[in-house]
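S.K.: Fold the following, please.
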Amino acid sequence: MFSQLEASFKPLLETQNRQAAAQIDALTTEVHELTRVVGELKAGQTVDVPEVAEENETKAFTIEELRGWVEKEGRVSDAFEAALEARNPQLLEQLCTIVQPRDAVKSCSQAILLCIVQQLSVDLPQLSTSQGQDVVDRLNLRANWLKECSIKLDSSDASIQQFLSTVLKKVRVNVEKVTMHQRSFL
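M.R.: Model (predicted):
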């Protein structure tokens, strides 16, 4: 069971490990430079303080890049993984306007599908308090994706088994909040 879970999350973990190693390297360099500056200050020397390096961040892909992956290269799963790593529900939502749910279900692992479900539901209560046709269209898009992906989740899949119940309970709570909010307008 753990080997299947590891295999499902291995690419994501490798990416995060590389990012963490780069951040540690950058921080180590900054600490060495700060140590040098403090030593010179203690010795009474005048020191030019170096600019602080900007934080290393993961590359934020644009929807145009993700569209290219999907339409030109057929990399549906990679596009969803990149959108999920961005932790940006709007980017994920935009990707969902490009890809059909059936194509995601065919291309993505159970872990990615579960993450799609989680991310599309995470800000539903806030989205439902907005008004306008755009909001209605966005809610309909998300509802369709939530339905299509949720029914394809395999509760016997070891890669998601331990997380499935918790995620789906949170999804249900968020969907119920939307339903209650929408009923208050009727």
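S.K.: Next one: residue 122 from residue 65, what distance?
M.R.: Shown here: residue 122 relative to residue 65, a distance of 23 Å by Cβ to Cβ, to the nearest Å. All C-beta atoms are positioned from the backbone trio N, CA, C, and that covers glycine.
S.K.: between these two, who's got more neighbours?
M.R.: Between residue 122 and residue 65, residue 122 has the larger neighbour count (other Cβ atoms under 10 Å), namely 16 against 12.
S.K.: contacting residues around the more buried one?
M.R.: Applying Cβ atoms under 8 Å, 6 or more residues apart in numbering, we find residue 122 in contact with 89, 174.
S.K.: Distance of it relative to residue 160?
M.R.: Residue 122 sits 17 Å away from residue 160, going by Cβ to Cβ.
S.K.: Check residue 152 too.
M.R.: Applying Cβ to Cβ to residue 152 and residue 160 gives a distance of 11 Å.
S.K.: residue contacts, residue 125?
M.R.: So residue 125 contacts 174, 177-178, 181 (Cβ under 8 Å, 6+ apart).
S.K.: now it, what's its secondary structure?
M.R.: Secondary structure, DSSP: H, G, I helix; E, B strand; the rest coil: residue 125 is helix.
S.K.: Check what pLDDT it gets.
M.R.: Each residue has a pLDDT score; the one for residue 125 is 91.
S.K.: give me phi/psi at residue 106?
M.R.: The phi/psi pair for residue 106 (degrees, to the nearest 10) reads phi -70, psi -30.
S.K.: do residue 110 as well
M.R.: Dihedral angles (degrees, to the nearest 10) for residue 110: phi -60, psi -40.
S.K.: what's the closest non-adjacent residue to it?
M.R.: Closest residue in space to residue 110, ignoring its immediate chain neighbours: residue 157 at 4.3 Å, by Cβ to Cβ, 6 or more residues apart in numbering.
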